[in-house]
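with the input below, show me the fold.
(one chain, ligands or ions: 1)
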Amino acid sequence: MTSGLSTIDLDVFRRYSGLSLPRHVSYPMPTGWRDLQAVEATAMLRESRQRSPANDISLYLHVPFCERLCRYCACTRIIRPRSQAESISRTRDYVAALLTEIDALAGLVGGGRTLRQVHWGGGTPTYLSTEQLERVHAALSESFCLADDAEVAMELDPRVLTSDVLEHLRRLGVCRVSLGVQDFNARVQEHVRRVQPFEMVRDIVAACRDLGFTSLNFDLIYGLPYQTRQTIQETIDKTIALSPDRIAYYHYAQIPEKVASQRGLDYTRLPDSESKLEMFLLGVERFEAAGYVFIGLDHFAKPDEPLAVALREGTLQRNFQGMTTGGGLDLIGVGASAIGHLAGIGFLQNVHDPDEYVACLNRGDWPVTRGKRLTFDDRVRQSVITQLYCSAEIRPTDIEEQFGVTFASYFGPELDALRELEADGLVTLQDDGRVKVTRPMGRVLLRNIAAVFDAYLEPNAYREGDRRCFSASA
Ligand SMILES: C[S@@+](CC[C@H](N)C(=O)[O-])C[C@H]1O[C@@H](n2cnc3c(N)ncnc32)[C@H](O)[C@@H]1O
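Modelled structure (predicted):
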């Protein structure tokens, strides 16, 4: 993408940016879900087995515990010192609950189905002991048919990683790892309470390469207090020097009303909207110049990485882990707060609190508490929004073939809104009916374009929504 602030129409940018709009890690977003009875949740899981018994599975497993608090962190996590006796027994109970849930899930969705992807997320998955990790992994391969070439990925915190743990993970079959790097600047690291010197990350990267992990991702965040164009440029350049296969370059999600730890950050040191836009564009420019493919929204990958291949082949997906491969797979969520997405059927989310999750499974109850069964309209709009995020265009003929609707009449008001966005340079409406997102304007304001198709928002939310703070969406 051509970059730099000079490529942006700042008047238009200021009009559309700063609205509180979803990033559409799902459609409908969780705000559009409702409380779900266990009987309905289990019926949806059974339905996925009846509808597509041969459909492969992707599984997300959540370990919510961390030893230390990072002040920016908006993930579902509980801080517990690992070696305290009480923590040890609660972690043991949590692992037992995971094993119970895995066994029950296999019974419902079909244990004969192939497990193609496993993603261990957190919190910090390596908070579990190697023996506990091994037991959960064994339960997954005993309850499902774990593919020989399954993509097994794990989120790792460099500060609590040892070479023994890394070796153990490799032996277990973990092949992809994601390092929470966030930022390399010492001042920023200290302020957000995530101190991990460059040398620490460099040595882990070298160990991962020696052990033969096939893919290495870095999570970075821009928009944190004390970050400047200069510090971000240094972080980007150090990242490029370590050459991870994938990069997630997240905009800092600032929600102090929900995340108490964020209230401890110095808000007088936050970069302003235009500085954050500049940081985002700088990332795009430098990562692309270093040979990375801009996958969309906030992801980059080397050209031969499966994510870049999926982009080229049109099979890219969007879910709670961001941009992913594995289109069409049923996503099963395991653990407290984990989310599942059954293709064409709906979303299911487990109870947030780990102790409640354990209590629920001990009682023999199902841990799902919220979710959404998709309506026909949800499925049509989900497909349009996925096209926008995953290929930066809308292909009306695909939607018409898939759902038997006439795009122009189904989306009359939305097309009017798109004409308005075209006048402002965010999209172009092609003669063949396709809608193309422009670079860089439309990419930077992608969430506004997607909001046009979100029936759970006010009709004019894409230009008049709740004005909060800037977040580049490109
Ligand atoms: C689910 S978290 C768990 C990662 C792991 N526990 C660690 O910290 O290394 C995954 C990623 O979410 C991102 N993240 C967490 N809080 C965020 C926030 N407030 N805004 C943007 N990204 C955030 C971070 O980049 C983090 O690495």
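
for the rest of this, base every contact and every neighbour count on C-alpha atoms.
Will do.

how many neighbouring residues does the closest residue to residue 172 other than its chain neighbours have?
Sequence neighbours aside, residue 134 is the residue nearest to residue 172 in space, at 7.0 Å (criterion: Cα to Cα, 6 or more residues apart in numbering). Applying the criterion other Cα atoms under 10 Å, we find 16 residues in the vicinity of residue 134.

residue 44 too?
Residues near residue 44, counting by other Cα under 10 Å, number 21.

surely it and residue 344 touch.
No: shown here, residue 44 and residue 344 do not form a contact pair, counting by Cα atoms under 8 Å, at 10.5 Å.

count residues in the vicinity of the residue in the stretch 301-450 of the chain positioned nearest to the ligand, would you?
Using Cα to the nearest ligand atom, the point where the stretch 301-450 of the chain gets nearest to the ligand is residue 321, with a distance of 8.2 Å. Residue 321 is surrounded by 12 other residues when neighbours are defined as other Cα under 10 Å.

who are the neighbours in contact with the residue nearest to it when sequence neighbours are not counted?
The shortest distance from residue 321 to any residue that is not its chain neighbour, by Cα to Cα, 6+ apart, is 7.8 Å, and that residue is residue 25. Listed by Cα atoms under 8 Å, 6 or more residues apart in numbering, the contact set of residue 25 reads 318, 319, 320, 321, 322.

the last one bridge partners, please.
This points to residue 322. Beta-bridge partners recorded for residue 322 (DSSP bridges): residue 319.

that one and residue 281: what is the separation?
As defined by Cα to Cα, to the nearest Å, residue 322 lies at a distance of 19 Å from residue 281.

tell me how far stretch 94-112 lies from the chain's centre.
With Cα atoms, centre = their mean, to the nearest Å as the basis, the distance from the averaged C-alpha position of stretch 94-112 to the chain average is 23 Å.

show the average pLDDT along that stretch.
In this model, stretch 94-112 has a mean pLDDT of 94.

next, residue 216: secondary structure please.
Secondary structure state of residue 216, per DSSP: H, G, I helix; E, B strand; the rest coil, is strand.

okay, now it: neighbour count?
Other residues within reach of residue 216 by the criterion other Cα under 10 Å amount to 20.

thought it was touching residue 181?
No: with contacts counted by Cα under 8 Å, residue 216 stays clear of residue 181, the gap being 11.7 Å.

what helix or strand is residue 258 located in?
In this assignment (DSSP states H and E), residue 258 forms part of neither any helix nor any strand.

again but with residue 275, I slipped
Residue 275 belongs to helix 273-289 when assigned by DSSP H and E.

close to the ligand, is that helix?
No: counting by Cα under 6 Å from any ligand atom, the ligand is not contacted by helix 273-289; separation bottoms out at 13.0 Å.

now the element after that helix, going C-ward?
For helix 273-289, the succeeding helix or strand toward the C-terminus, using DSSP H and E, is strand 293-296.

so where's this protein uncertain?
Counting by pLDDT under 70, the chain contains low-confidence ranges at 1-3, 465-474.

just list what the longest helix along it packs against, helices and strands only.
When every helix of the chain is counted residue by residue (DSSP state H), the longest turns out to be helix 85-105. For helix 85-105, the helices and strands in contact under the criterion 3 or more Cα pairs under 8 Å, 6 or more residues apart in numbering; DSSP states H and E are helix 130-143, strand 330-334, helix 354-362.

now with 6 Å, please.
With contacts defined as 3 or more Cα pairs under 6 Å, 6 or more residues apart in numbering; DSSP states H and E, the packing partners of helix 85-105 are helix 354-362.

quick one: buried residues of the helix it packs on?
Within helix 354-362, the residues that count as buried by 16 or more other Cα atoms under 10 Å are 354, 357, 358, 359, 360, 361.

how about the CA coordinates for that helix, as PDB?
Extracted as PDB, the C-alpha positions of helix 354-362 are listed here (Å, rounded to 0.1, in the frame of the first residue of the first chain):
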ATOM      1  CA  PRO A 354     -12.800 -20.200  35.300                       C
ATOM      2  CA  ASP A 355     -14.200 -21.200  38.700                       C
ATOM      3  CA  GLU A 356     -17.800 -21.200  37.400                       C
ATOM      4  CA  TYR A 357     -16.600 -23.100  34.300                       C
ATOM      5  CA  VAL A 358     -15.200 -25.800  36.600                       C
ATOM      6  CA  ALA A 359     -18.300 -25.900  38.800                       C
ATOM      7  CA  CYS A 360     -20.500 -26.200  35.800                       C
ATOM      8  CA  LEU A 361     -18.600 -29.200  34.400                       C
ATOM      9  CA  ASN A 362     -18.400 -30.800  37.900                       C
END
